[in-house]
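Participant: have a look; sequence and predicted model below, questions after that.
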Amino acid sequence: MKYGMPYKGSKNQIAETLIARMPPATHFYDLFGGGGAMTHCAMLSGKFQYVHYNELDPLVFKGFQMFINGDFKTENRWISKEDFYRLRDSDPYVAICFSFGNDLKSYAYSTEREKLAKAIHYSICFNDNSLLLEYTDLKGFSYHSEDIQDRRMELQRYLKQRIENLERLGILNTFLNDIRKNSISRNLLNLKNLNSFKNRNIFLTNQSYDEVQIEPDSVIYCDPPYQNTNKYKVQFNHQEFYEWLRHSESQVFISEYEMPDDFFEVYSVKKLCSINDKGSFTVQERLYSNKPIPNTLEF
């Protein structure tokens, strides 16, 4: 199951594990909503009657609104590097799908790989193989499915059947890797996953985390920008956040790598993170709370 939009630092991989460590309640608040993976998972968990998504960044907030409203359903534009830097600050589709690691800032493809990525995009999305003819013979190839994911797999199978020619050209690994990593197969497909948002009690706010009004009987979750990691677009004061947690009357769950000693570690889990299209590394994600977990609490 894919939760939420593609987004830097998304909790998609571990959302179910984290939600399972939180008690049921009437309300669930995702105060640093980002791509909405935790919001999405909380809705489907059945543990909460109402789910609240909050995000301060107006572009990300707009993107999540479009996501749950189905506004990406027919989206399939190819975005060049020039288009990206012209539109990234105003168009959520451009910023989310065509940024490297979904960081909303840098273009996903190097100059050398942009041409190949565009060729794959045109083939999968528009059934236009003309740009791919430079790399291999696709004159006899046609798709059997209209679904983007199915088309990606069909093209990958077709190329594997022509492994000898592609190896001779020295591009097989690059080609298949681009298909697996291509933003259309990986990002756009996730943006079209709408069914689970229909007829759900979800509320959206575009505020700072400390401005959101919390209802009684709530579970609060925070996934702030991590300390000592790549900077997000929005500046964040960690010391002010810690003080807000210390003075909060509610029990708050926080995702981080490390927290000050007066916070309580609830759970830890390993998560795979991508460095680039050639490698990845594993991190130890931790779930903390601002208050001790009651011994009587059963998850």
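Facilitator: Yep, that arrived.
Participant: ok, residues contacting stretch 49-60?
Facilitator: If you take C-beta atoms under 8 Å, 6 or more residues apart in numbering as the criterion, stretch 49-60 is touched by 7, 26-36, 39, 42-43, 61, 64, 89-90, 92, 95, 104, 200-209, 212, 215, 232-234. To be clear about C-beta, it is placed using only N, CA and C from the backbone, and glycine gets the same treatment.
Participant: out of the residues you listed, which sit inside helices?
Facilitator: 39, 42-43, 61, 64, 92, 95 (DSSP state H).
Participant: residue 220: which of those is nearest?
Facilitator: Closest approach to residue 220 among these (C-beta to C-beta): residue 42, at 11.4 Å.
Participant: and the closest residue in space to that closest one that isn't next to it in sequence, what does it touch?
Facilitator: Once flanking residues are discounted, residue 42 sits nearest to residue 28: 4.4 Å by C-beta to C-beta, 6 or more residues apart in numbering. Remark: with contacts taken as C-beta under 8 Å, 6+ apart, residue 28 is in contact with 22, 39, 42, 47-48, 50-52, 218-219, 221.
Participant: equivalent analysis for residue 78, please.
Facilitator: When contacts are counted by C-beta under 8 Å, 6+ apart, residue 78 touches 118, 121-122, 125.
Participant: which one is residue 128 nearest to, not counting chain neighbours?
Facilitator: Nearest in space to residue 128, with sequence neighbours left out and distances taken as C-beta to C-beta, 6+ apart, is residue 122 at 4.4 Å.
Participant: swap that for residue 111, sorry
Facilitator: residue 81 (7.6 Å).
Participant: over to residue 41?
Facilitator: Counting by C-beta to C-beta, 6+ apart, residue 15 is the residue found nearest to residue 41 once chain neighbours are left out, at 3.8 Å.
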